[in-house]
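Enquirer: Model the following, please.
(one chain, ligands or ions: 1)
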Amino acid sequence: MDMVINEKRCIKGIINVPGDKSITHRAIIFGSIAEGDTLVKGFLKSDDCYSTMKCMKKLGVDIKVVDKNVIVKGKGLYLNESHDILDAGNSGTTMRLIMGILAGQKFKTVLTGDESLKRRPMNRVIKPLTEMGAKISAIDNNYAPLTIQGNKLKSIYYKTKVASAQVKSCLMLASLYADGETIIEEPYKSRNHSELMLNYFGGNFAVDNNRIICRPVSKLYGREICIPGDISSAAYFIVAASILPQSEVMIKDVNINYTRTGIIDVIKKMGGNILIENERVLNSEPIADIIIKSSNLKGIEICGEIIPRLIDEIPIIAVAAAFADGKTVIKNAEELKVKESNRINTMVSELKKMGADITETNDGMVIYGKEYLNGAVVNSHNDHRVAMSLSIAALRAKGITTIKNAECTNISYPDFYKTLNVL
Ligand code: S3P
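Expert: Here you go, the predicted model:
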């Protein structure tokens, strides 16, 4: 599907963004291995989350969608063998988290994904899971399709090379099947939804700076969970309202977990006008309403510890930088190369087509802002975050922009264009 977008003067309105993708995946996966029912309210109805549901169903879990909710009838820690291949679609979270559970099962499972997922590195979870005792074979020891034979697992002390919540969560799940205390240490703190939710389900996970101390429990308990709005989806409107003159947008009920709010810190540091109101806690997660008014952004440097706190927002931050005064440098973001697309490369090449002054570096990009971009024909590279970021860039581009392959927005935000039209 091609999406045609016209230049827009300003956006105004009050919106909700859909449920958080990371939290929805976890509620379904953790609910599946808990005992009793888990009611997931306001889940994200997107392709990635349906991939998770389909995989868990193939492992014998009864999962029903009723209106805006999902009811997961937990099977406990041990699931049924699947006689069919599990297909994680486009979703790295689905594949990596489920591998942690499969490592502790008494059977073998075959996992695959779409063309993008088959290119994403799995050795980051294969290596520690093998150390724990699982038997895994994969293409070049790294890529799906892969098979995983579960086993009685040994507890390990594991230092991850990258700050990745997917790796950490995979190992936290495997630790439930281990014979003792597993310790996971990351270079920087990645998103901590698994720590919060697994403890809410009766797990025993202690946090000590960048270390997670995982003690196995005999069971998890199904719970009711309300999914807050996804700050990664809110990010597109945070930037749109910031860069379009005379704009004002309120986004209600957004998750503002510190491990996810790098985008707010960055836009504020660039001179953005953002207010956080009505803060409260929902199932161990902080939420609030976010109010954004237009402002004159200026270029900054973004690197180090903040990168994992905004890893999925770098494509839209690149768009903000393309309209900011002066130079923006993004460093230490090499992880972007192994996302749904190589996001350094795809964002640089597509924004260049619109006339942006942007250069690819080894671990990020350098951007000199301009007053306007030009409408052009650009490609999403089947990456949902690239499609949505380019759509926001199109709002301040002279003339018409066509986004090729825009249907990939269904991966995380099926109503993205509807909401954009409302504003
Ligand atoms: C996610 C973690 C991040 C993020 C992804 C979702 C999660 O990946 O990019 O979209 O739900 O755990 P990494 O943890 O591999 O950086």
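
Enquirer: Return the residue spatially closest to Glu305, with its sequence-adjacent residues excluded.
Expert: Nearest non-adjacent residue to Glu305, counting by C-beta to C-beta, 6 or more residues apart in numbering: Tyr188, 5.0 Å away. Backbone N, C-alpha and C define where each C-beta goes, glycine included.

Enquirer: for that neighbour, what are its contacts?
Expert: Tyr188 makes contact with 163, 210, 304-305, 307-308 under the criterion C-beta atoms under 8 Å, 6 or more residues apart in numbering.

Enquirer: Go through the residues you listed and name the one nearest Ile5.
Expert: Taking C-beta to C-beta as the measure, Ile5 lies nearest Ile307 of the contacts of Tyr188, at 29.0 Å.

Enquirer: Confirm for me that that closest one is in contact with Leu336.
Expert: No. Counting by C-beta atoms under 8 Å, Ile307 stays clear of Leu336, with 9.2 Å between them.

Enquirer: Where do the helices of this protein begin and end?
Expert: Secondary structure of the chain (DSSP state H): helices at 21-32, 47-58, 92-102, 123-132, 165-175, 193-200, 231-243, 262-269, 314-322, 343-353, 384-395, 416-422.

Enquirer: so can I have JSON lines of those helices showing mean pLDDT?
Expert: Formatted as JSON lines, those follow (pLDDT from 0 to 100):
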{"stretch": "helix 21-32", "mean pLDDT": "98"}
{"stretch": "helix 47-58", "mean pLDDT": "98"}
{"stretch": "helix 92-102", "mean pLDDT": "98"}
{"stretch": "helix 123-132", "mean pLDDT": "98"}
{"stretch": "helix 165-175", "mean pLDDT": "98"}
{"stretch": "helix 193-200", "mean pLDDT": "98"}
{"stretch": "helix 231-243", "mean pLDDT": "98"}
{"stretch": "helix 262-269", "mean pLDDT": "98"}
{"stretch": "helix 314-322", "mean pLDDT": "98"}
{"stretch": "helix 343-353", "mean pLDDT": "98"}
{"stretch": "helix 384-395", "mean pLDDT": "98"}
{"stretch": "helix 416-422", "mean pLDDT": "96"}
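
Enquirer: Can you verify my assumption that Val110 contacts Thr147?
Expert: Yes. Contact criterion C-beta under 8 Å: Val110 and Thr147 qualify, at 5.0 Å.

Enquirer: are any of the contacts of Tyr188 buried, and which?
Expert: Neighbour counting by 16 or more other C-beta atoms under 10 Å classes 163, 210, 307-308 among the contacts of Tyr188 as buried.

Enquirer: Among the residues you listed, which pair sits farthest apart?
Expert: Farthest pair in the buried ones among the contacts of Tyr188, by C-beta to C-beta: Asn210 and Ile307, 14.0 Å.

Enquirer: what's the nearest residue to Asp37 if we skip its chain neighbours?
Expert: Nearest residue to Asp37 in three dimensions, chain neighbours excluded: Gly222, at 4.9 Å (C-beta to C-beta, 6+ apart).

Enquirer: what's the spacing between the residue nearest to Glu305 and the ligand?
Expert: Here Tyr188 is placed at a distance of 11 Å from the ligand (C-beta to the nearest ligand atom, to the nearest Å).

Enquirer: can you redo the helices of the chain as TSV with distance to the ligand?
Expert: Shown next, in TSV, are these (distance: least, C-beta to the nearest ligand atom, whole Å):
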stretch	distance to the ligand
helix 21-32	3
helix 47-58	9
helix 92-102	4
helix 123-132	8
helix 165-175	4
helix 193-200	7
helix 231-243	7
helix 262-269	12
helix 314-322	10
helix 343-353	10
helix 384-395	8
helix 416-422	16
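
Enquirer: Quick one: closest of the ones you listed to Pro216.
Expert: Comparing those by C-beta to C-beta, helix 165-175 comes nearest, at 6.4 Å.

Enquirer: what angle sits between the closest one and helix 92-102?
Expert: Here the directions of helix 165-175 and helix 92-102 differ by 20 degrees (axes from the mean of the first three to the mean of the last three C-alpha atoms, to 10 degrees).

Enquirer: Residues touching helix 165-175, excluding its own?
Expert: Residues outside helix 165-175 that contact it (C-beta under 8 Å, 6+ apart) are 22, 26, 29, 33, 92-93, 96-97, 99-101, 103-104, 124-125, 128-129, 132, 134, 153, 155, 158, 160, 182, 184, 186, 190-195, 198, 205, 212, 214-216, 259, 308.

Enquirer: what do you get if the cut-off is 6 Å, keeping everything else the same?
Expert: With contact meaning C-beta atoms under 6 Å, 6 or more residues apart in numbering, helix 165-175 is reached by 92-93, 96-97, 99-101, 103-104, 124-125, 128-129, 132, 153, 160, 182, 184, 190-191, 194, 214.

Enquirer: Then stretch 254-266?
Expert: In contact with stretch 254-266 (C-beta under 6 Å, 6+ apart) are residues 20, 191-192, 228-229, 231, 234-235, 274, 285-288, 290, 302, 306, 309-310, 313, 317.
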